[in-house]
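Q: got a predicted model here, sequence first, then my questions.
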Amino acid sequence: MIIRRDEFRNFLDKFFEGDLIPFKDVNYLASNIYETDKDVVVELQIPGFDKKDIKVSFQEGYLKIEGKSSEEKEEKNKNYWRREIKKGSFLKVIPIPKEVDHKQAKASLTNGILKVVLPKIEKTIETGKEIKIE
């Protein structure tokens, strides 16, 4: 396959300007996942989303975070020189390797950072119970 130099140059320009990078690629969503004495904490950087546009759920050891943002109505009288702000959706699934009480989980969104706090469940080792003979 032969590509003309101009077409290839155009492709490279678009690639490095970010025009060919899909919005659904979740690799750009920076995250911190850590544990304290009592909790597992997940912080996810999702600027530009309102809390009404985000859904957080937990199932079978996985934290699922999804968001959807719709395109605002484009005004006809604007003459864009460049348009880089993209709208779309994302889905990020994070494995949680600890036993957590997902029913007591709490989430907050502050300055584009989603913080999910999952309380850890302490496993207790039962030593057994004596069974009385009747």
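A: Received it, and whenever you're ready, just let me know what you need. Numbers count the residues shown, from 1 in each chain.
Q: when you work out contacts or count neighbours from here on, use the C-alpha atoms and nothing else.
A: OK.
Q: report pLDDT for residue 26.
A: Note on residue 26: pLDDT of 47.
Q: what about the nearest residue to residue 107 once chain neighbours are set aside, which helix or strand?
A: In this structure, residue 107 finds its nearest non-sequential neighbour in residue 116, 4.3 Å apart by C-alpha to C-alpha, 6 or more residues apart in numbering. Taking DSSP states H and E as the criterion, residue 116 maps to strand 113-119.
Q: for that strand, give me every contacting residue.
A: Residues from elsewhere that reach strand 113-119, judged by C-alpha atoms under 8 Å, 6 or more residues apart in numbering: 38-47, 100-102, 104-109.
Q: listing partners with orientation, what would you give for that strand?
A: Using DSSP bridges, strand 113-119 pairs in its sheet with strand 39-45 (antiparallel), strand 106-110 (antiparallel).
Q: among the ones you listed, which comes closest to residue 55?
A: Closest to residue 55 of those is strand 106-110 (C-alpha to C-alpha; 10.2 Å).
Q: ok, and for the closest one, which residues are buried?
A: Going by neighbour count (16 or more other C-alpha atoms under 10 Å), the buried part of strand 106-110 is residue 109.
Q: circling back: looking at the strands paired with strand 113-119, which is nearest to residue 80?
A: It's strand 39-45; of those, that one is closest to residue 80 (C-alpha to C-alpha) at 27.6 Å.
Q: ok, then the element right after the closest one?
A: Following strand 39-45 in sequence, per DSSP H and E, is strand 54-59.
Q: CA atoms only: put the helix or strand just after that following strand into PDB for me.
A: Per DSSP H and E, the first helix or strand lying C-terminal to strand 54-59 is strand 62-68. C-alpha atoms of strand 62-68 as PDB (Å, rounded to 0.1, in the frame of the first residue of the first chain):
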ATOM      1  CA  TYR A  62     -15.400  -5.100  40.700                       C
ATOM      2  CA  LEU A  63     -16.100  -1.400  41.000                       C
ATOM      3  CA  LYS A  64     -17.800  -0.200  37.800                       C
ATOM      4  CA  ILE A  65     -17.700   3.600  37.000                       C
ATOM      5  CA  GLU A  66     -19.500   4.900  33.900                       C
ATOM      6  CA  GLY A  67     -20.300   8.300  32.700                       C
ATOM      7  CA  LYS A  68     -22.100   9.900  29.800                       C
END
